[in-house]
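K.L.:
any chance you could fold what I've pasted below:
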Amino acid sequence: MEFKKIQASKKYAHIVAYYWTLHSTEEDSKVAQYRFVPDAYIDWVFHLGNPWQCDFPNVQQQLKTAKCHVFGQIKKYINLTLPKQNLNVFGVKFHPWVANKIWNLDMHYLTDSCLALSDLEIPNMNILQERILRASTTQERITLVEEFLKPQLHIDTNISVMHRNLILNKGQLQLNPEIGLRRMQQRFKREIGISPKLFLRTLRINAVIESMTQRSNQTLTELAFDFDYFDQTHFIKDFKYFTKMSPSSFLKSINPNGDILNLRAQP
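P.N.:
Residues are numbered from 1 along each chain as shown. Got it, this is the predicted structure:
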């Protein structure tokens, strides 16, 4: 399996964090299950080959995966069951602060969901899907997405400075007394899809994972201290919530091929 990340052009960088591709290789000959850990971003996913199956912890959310779908905010891990062959995926990773504005949608309704893109009722989405599925190269698909997003280049991202600063400051939140806690919570639910507290936790666990993979010699106590957990027990509990694994098991299972499929899930 091979994962590639393509940075968005400077013109579109305030909308798209990056594009990504994922495809099976000759070594992939059997069904594999990978675990996706929430990263606080929003993804459009286009299956050019056989689609994967999204398996949420909540069995009521087990639906057949559409060939073209959108991931809203994910509150905790989900398992992705990959096909035996012909895995070929093109994805668009959107910044969380722009999806509400460019789609004019209450993002709370996408939380913990893997919905068909056509269900979003975005104008000309079916046409975009068909063109992307017919395109022969990744660059062609990126060009199609950027042409589709061109009318959104003018969006005022200053209205979401609060969201951007949370990411740039690794989740350190400073409340604006003019907004107020309750109003901010409502705004987060509408614009991002989850509460500020969960958004901050998601950002922090991703920062923890990045640190773990880059500095594998860190102790759990050091990690807990570095990322402002109350103690080691609190850190491990939070880690298991998002990954369903202990930190040591996670490091043994980490997927070296990219950060979309974070790790191979344990049986």
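
K.L.:
how many neighbours does the closest residue to H47 other than its chain neighbours have?
P.N.:
Closest residue to H47 apart from its sequence neighbours, by CB to CB, 6 or more residues apart in numbering: K67 at 4.8 Å. (Each C-beta comes from the backbone N, C-alpha and C, glycine too.) Residues within reach of K67, counting by other CB atoms under 10 Å, total 15.

K.L.:
thought K67 was touching V45?
P.N.:
No: look at K67 against V45 with CB atoms under 8 Å: they stay out of range, at 9.1 Å.

K.L.:
measure V92 to Q214 for me?
P.N.:
26 Å (CB to CB, to the nearest Å).

K.L.:
who has more neighbours, these two?
P.N.:
Neighbour count, other CB under 10 Å: between V92 and Q214, V92 has more, with 24 against 8.

K.L.:
the more buried one and E146 touch, don't they?
P.N.:
No: counting by CB under 8 Å, V92 stays clear of E146, with 9.8 Å between them.

K.L.:
for the closest residue to S24 other than its chain neighbours, what are its contacts?
P.N.:
Excluding its sequence neighbours, the residue lying closest to S24 (CB to CB, 6+ apart) is L87, at 3.9 Å. Taking CB atoms under 8 Å, 6 or more residues apart in numbering, we find L87 in contact with 1, 22-24, 28, 49-50, 52.

K.L.:
now the strands for the stretch 151-267 of the chain?
P.N.:
Using DSSP state E, counting those that start in this stretch, the strands assigned to the stretch 151-267 of the chain run over residues 263-264.

K.L.:
whatever helix or strand R141 lives in - contacts with which helices or strands?
P.N.:
Counting by DSSP states H and E, the element that carries R141 is helix 138-149. Under the contact definition 3 or more CB pairs under 8 Å, 6 or more residues apart in numbering; DSSP states H and E, helix 138-149 sits against strand 16-23, strand 88-94, helix 125-134.

K.L.:
make CSV out of the ones you listed and add distance to F225 and mean pLDDT.
P.N.:
Below are those laid out as CSV (distance: least, CB to CB, whole Å; pLDDT from 0 to 100):
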stretch, distance to F225, mean pLDDT
strand 16-23, 29, 91
strand 88-94, 31, 94
helix 125-134, 45, 95
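
K.L.:
could I get these as a markdown table with distance to L203?
P.N.:
Shown next, in a markdown table, are the helices and strands packed on helix 138-149 (distance: least, CB to CB, whole Å):
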| stretch | distance to L203 |
| --- | --- |
| strand 16-23 | 13 |
| strand 88-94 | 15 |
| helix 125-134 | 29 |
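
K.L.:
surely S9 and V145 touch.
P.N.:
No: the criterion here is CB under 8 Å, and S9 misses it with V145 at 11.0 Å.

K.L.:
neighbour-wise, which of those two wins?
P.N.:
V145 (22 against 10).

K.L.:
where does the stretch 1-150 of the chain have low pLDDT?
P.N.:
Across the stretch 1-150 of the chain, the ranges flagged by pLDDT under 70 are 26-31, 57-64.
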